[in-house]
Each structure stands twice: as C-alpha cells, then as structure tokens.
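J.: Attaching a predicted model along with its sequence, questions to come.
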Amino acid sequence: MPVIRRIAIVGSGLAGLTAARLLGERNIAVTVFEKSRGPGGRMAAKRVPGGSADIGAQYFTARNPAFTRFLANHAGEASFGIWHGRFGYQKGSEWESFPDETRYVGIPRMTAITRGLSSHVDIRAQTRIEQLERDDQSWLLRDANGESHGPFDTVIITAPPAQAQDIFRTSQLTDLEEQMSDPVRHIQPCWAVAAHFSESLEQPYEGMRCDDDVLYWVANNSSKPGREDEGQWWVLHANPEWSRENEDTSPEQVTADMVSAFQQVTRCKTQPDELIPHRWLYAKSSSRDTPGFRWFDDQRIGLAGDWLSGGRVEGAFESALGLAEKILSR
C-alpha cells in the first residue's frame, strides 16, 4: 500500500481548508489549488461601499461541538460570533418565527473564517486545475495554462460536482466521471443581490425565508456583528427554480425583478441606491444521497464538500473531517 506523504486539494472553500489543516497536522505536505484570487468558496463576501456583504452562505449552525472548537483553534476565536438576529419564515401571507438555535457568522464578514483557516496553508491562488495525469504511483495536476504541478500521492477535490466531473472527463477517468452525473443533476443555481438602502428599513425580522415565486431568502446583512454600515445592506437570494429559469437573463433584469419581489415581500417601497448582483451556478444540492464523502481507493482520489453532507456549512466541515480520517486510517 503506497504511503501518503503529499496531497493536492482542489478548492479552498471550508471543506478544502478543513482537510488541509487536519492533514497538515499529521505531517502530510498539502498544497491547495484555488481558481479564484483567494479562499472562501460559497462563504463569500462582496466588497461594497463602506464594507462588505455576505452573498453566499448567510450563517451557520454548529450541532457538532467539534466544529466550533475547530474554528476557534484554526481560524481564531475572533473570526466568528453569534448573530443575534430575529428570524422568520413565510407561510402564505403570514409569518412565523424560526425555532431557537444559535446561528454564527464570520466577523467582520463570512470570509474571515476561511481567511483565518488559510493561514499557514500552501495555497496556489488563480490556478484552475483541469486535468489529472498518472505518473507511475503518483498524480500530476495540469492547470489551465498547461503548467504541471506535483507529483502528489493523493488528490482531494472539493470543487462543485460539475467541476469535478470536468476534471475527471479531461483526465479520462471515465468511471469517476459517470459517477458524478447524478450529483451534477441535483446542484441548484442561485441568483443573489446585495441592495443598499440609505435609511434603515423597519422589518420584524433580520433574516426571512420567503414563500415567493422569486425569492427564497432575504437578510439584513448590516445587523450581523462587526458590520458598521451607513444605512443598511440587505442580501436577497432567489429560489432555485426561478434562478434556473433565469440563468441567462441579464443581471440588470434579474436585479430589477428581485428588488420588486423584495418590496412586495417586505411591503416596503423604499428604493435601494446601490445594487450588486452575483450568479451562483453551483449553490445547494437537492440530493438526499449524503454519504459524507467519497473515497476511491484504487485511484487515491477523494471528494469532499457540503453537497455530500446535507448542504449546510457545518456539513462541509464534517465531510472533510470524515475524508481526512479515512485517509489517515490508511
């Protein structure tokens, strides 16, 4: 059985960084490849005038105490805190409060957590991995510029299923490519809009799950701890069905439609003075098949991500934890 000393991780979201930290603690050399300028994945924030707005994951829970312990130890206790907001969900024309549960956010933005986790991790940013190549018992990774990286004993992919499938296709890993077809079908898109209002909106809740043809979620981003905005930034998320129907609609039209829906849901006619749209092609998974992680022993390739573990932020941690323990047990 080949010894695992060097591991490549594709993707620097929470799952990728969790795996990097856990494996690095066991003296395994880990290199993380990230196609964007920095870490974060769906725990993303957009720079906005005066601060930032969380356009991806809005908050997270910690039903597993090991999750918050991990974040405190590796990202820092100051990188996250409790969002003491009021949360409600819509049933027809009525609203009801969410069940009581502690909800956490990154401080002063969601990316504070992944920034903290990425310290002391070897991250190759702006490096899009497109192909895996066998080199005897090891793997070489080829990026979009044709450059080769490696060799590595093991590869962990934490990118969304569609991107993992593309890598397997170009690598002629036909069996693995076919196994990604069902997960790809279940990944849902999401349009997001950050909207600024010069004056505070009077609303009964800071976070609202909507029963609406357009919107799934709206939140007062400025109510989160560590945000010191003038006025208020609200984040709007469209529901998956509407997002899919409007995947190719212009950002201007999408923004107009989502703001109009927001005004109807909140019964607020105030017009925003700043709008920033963002399209998530790969947001949540609708699949009920949640094995936690995938490990292909013959190829020494692993898959981790929240889509394998229920879709929550905490699921990304638990997926990476399970995969890391599997690799270390070898």
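T.: Cool, got the structure.
J.: what about the closest residue in space to residue 164 that isn't next to it in sequence, neighbour count?
T.: In this structure, residue 164 finds its nearest non-sequential neighbour in residue 157, 4.7 Å apart by CB to CB, 6 or more residues apart in numbering. C-beta: built from backbone N, CA, C; applies to glycine. Here the neighbour count serves as a burial measure; for residue 157 (other CB atoms under 10 Å) it reads 28.
J.: Show me the shaky parts of the chain.
T.: Of all residues in the chain, those with pLDDT under 70 make up the ranges 1.
J.: how about the helices in it?
T.: Residue ranges of the helices in the chain, as given by DSSP state H, are 14-24, 65-74, 111-118, 161-170, 174-179, 181-186, 240-245, 251-266, 313-329.
J.: Out of the ones you listed, flag the one nearest residue 91.
T.: Taking CB to CB as the criterion, helix 251-266 is the member of these that comes nearest to residue 91, at 12.8 Å.
J.: need the helices of the chain in TSV with mean neighbour count and distance to residue 227, can you?
T.: Compiled in TSV, these are given as follows (neighbours: other CB atoms under 10 Å; distance: least, CB to CB, whole Å):
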stretch	mean neighbour count	distance to residue 227
helix 14-24	27	21
helix 65-74	16	19
helix 111-118	23	12
helix 161-170	20	31
helix 174-179	14	42
helix 181-186	14	33
helix 240-245	16	26
helix 251-266	17	19
helix 313-329	22	19
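J.: closest to residue 283 out of those?
T.: Short answer: helix 240-245, nearest of the helices of the chain by CB to CB, at 7.3 Å.
J.: Against which helices or strands is that closest one packed?
T.: Using 3 or more CB pairs under 8 Å, 6 or more residues apart in numbering; DSSP states H and E as the contact definition, the elements that helix 240-245 packs against are strand 190-197.
J.: which residues touch the strand it packs on?
T.: 46, 48-49, 53, 55-56, 216, 221, 229, 231-238, 240, 242-243, 246, 254-255, 258-259, 262, 270, 272-280, 283-284 (CB atoms under 8 Å, 6 or more residues apart in numbering).
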